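Participant: show me how the following folds:
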Amino acid sequence: MSTSTTKAFLVGLIVVLVLMSVFRPKAAHPLRDDQTVVTFAFWGSYTDWAMIREIVDLFHASNPDIWVKMKYVPANYGDMIQLMLSSDVAPDVFMMEDEPIPAFAEYEKFADLSRFVLAPDSPVDWEDGFWPTATASFTYAGQILGLPIWGGNNLIYYNRSMFRELGVPFPEDDWTMDEFVDTCRALTRDLDGDGVVDTYGFSLPSYWLYFLPFTWTLGASYLNADFTDWAFVGPEAVNATQFYRDLRYKYRVSPAVTCALPNLQNRMEGALFEIGRIGMMTGGSWSSPGLLRGGVDFDVVHIPFGPSGKRYTRVTWDALCMFYKCPHPEEAWRLMAFFASEEAQGIVGRYTRSIPALKASADTFIRPDNGWSEEKFIEAMEYARLQPITKEFMRMFQVVDAAYNKLLANRISAEDAVKMMAAGVYDERDPIFPILEGK
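Facilitator: Next comes the predicted model:
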């Protein structure tokens, strides 16, 4: 059995096991004759489950003629949805991230929500009610394929206890990239003089989308303005890639590679952040519930300004989508629209796990009693940018990821990493982007 075949078999086996565990027969809700069942699939942590459960319970109270059958999938959700869509047995309503939307749209298994969203009596204000990046993320080929419900952007988390212990001033929101490096250096210490570094300034994200704020702020972009061609070339791309590498190998403010699996390395470094051995890391608002539960004394600060005097951050959104064969589209839409209502969006804000997609509910995200500056995630929407998502996003992700893995393991230079990415997206055997005339 080939490696690719083995991998496909294992993925299929995992999906089947997930389906067996999540969709196995359960005690049915005693339905009344006037009730319609709407199935709803979603993923997430316990916090996410509790938030969604609260919203669904509230929906039931105001919509007694509909019963929502919740399908919670804690792992391998993307594989499960893809399998169910391709088999034409998907739930009526299902949650989706923005990244796979263009690729999944090729299946033509999503209902076009335009007739609901843009109807004269629609409870949804599509043009002005949501953050612009949210509606843009789920509009594809002239169709509205998802109703955004929540999202977030990346800022820099810092451990206040560690800063205090080392006598390093807290970072200011108007700081620059040079000041960011200086702060990282000030936090990187050999505390006991044994020649081994005990504390580090920054947890270098192996997940390159978390490094996008730095890449953009340093003047580089992966795609052109309309996302139709590769743009990560030239000195800006090399400089941004070099900075990525330099944090570990030149400035030495990020831990060395201790694990062959980048994701495991990041989880290890996340634990070091929590105990005050790494001072800063990147993350979204979704990182805060775990830190609060762990009693970590943390705060967030804006992305540093770059050489051009500008800064950017990555924004990502989740939405509810409807299966094109949904037997009860009107009832399914009522559930979806409720998730986008101010009542439900207020619950989203109160959990401070995600930013409500509805702009009018932004204030509910701000909790003065939380003890940290969650309002900065709302402020950062002013300089947030859409991720470089196309229908070939996953293939592009793998090309970029492979190059950065070699870069961060000190196996190739910044220049070679940039060339490796371009070679991957223009691979003549199966190009992600065609080589345009004159290139």
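
Participant: now do the end-to-end distance for stretch 103-110.
Facilitator: One end of stretch 103-110 sits 11 Å from the other (C-alpha to C-alpha, to the nearest Å).

Participant: same question, stretch 290-305
Facilitator: End-to-end distance of stretch 290-305 (C-alpha to C-alpha): 28 Å.

Participant: flag every buried residue along it.
Facilitator: 291, 296, 298, 299, 300, 301, 302, 303, 304, 305 (16 or more other C-beta atoms under 10 Å). (Glycine included, C-beta is placed from N, CA and C.)

Participant: so how far is that stretch off the chain centroid?
Facilitator: Relative to its chain's centre, stretch 290-305 lies at 17 Å (C-alpha atoms, centre = their mean, to the nearest Å).

Participant: turn the buried residues of stretch 290-305 into CSV, including pLDDT.
Facilitator: As requested, the buried residues of stretch 290-305 are exported to CSV (pLDDT from 0 to 100):
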residue, pLDDT
291, 94
296, 97
298, 98
299, 98
300, 98
301, 98
302, 98
303, 98
304, 98
305, 98
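
Participant: of all those, which comes closest to residue 196?
Facilitator: Using C-beta to C-beta, residue 296 comes nearest to residue 196 of the buried residues of stretch 290-305, at 24.1 Å.

Participant: what's the weakest-modelled helix or strand in the protein?
Facilitator: Least confident helix or strand, the chain: helix 3-22 with a mean of 46, by mean pLDDT, DSSP states H and E.

Participant: quick one: contacts for the residue at minimal distance from the centre of the chain?
Facilitator: By C-alpha atoms, centre = their mean, the mean C-alpha position of the chain lies nearest to residue 316, the distance being 5.0 Å. Taking C-beta atoms under 8 Å, 6 or more residues apart in numbering as the criterion, residue 316 is in contact with 97, 98, 99, 151, 152, 153, 209, 284, 387.

Participant: and stretch 276-285, end to end?
Facilitator: End-to-end distance for stretch 276-285, by C-alpha to C-alpha: 20 Å.

Participant: inside helices: which ones of the buried residues of stretch 290-305?
Facilitator: Within these, residues falling in helices by DSSP state H are residue 291.

Participant: which two from the buried residues of stretch 290-305 end up farthest apart in space?
Facilitator: 296 and 305, at 26.8 Å, using C-beta to C-beta across the buried residues of stretch 290-305.

Participant: tell me the contacts of the closest residue to residue 151 other than its chain neighbours?
Facilitator: Distances taken as C-beta to C-beta, 6 or more residues apart in numbering put residue 317 closest to residue 151, at 3.6 Å, once the chain neighbours are dropped. For residue 317, the contact set (C-beta under 8 Å, 6+ apart) comprises 97, 98, 131, 133, 134, 137, 138, 148, 150, 151, 357.
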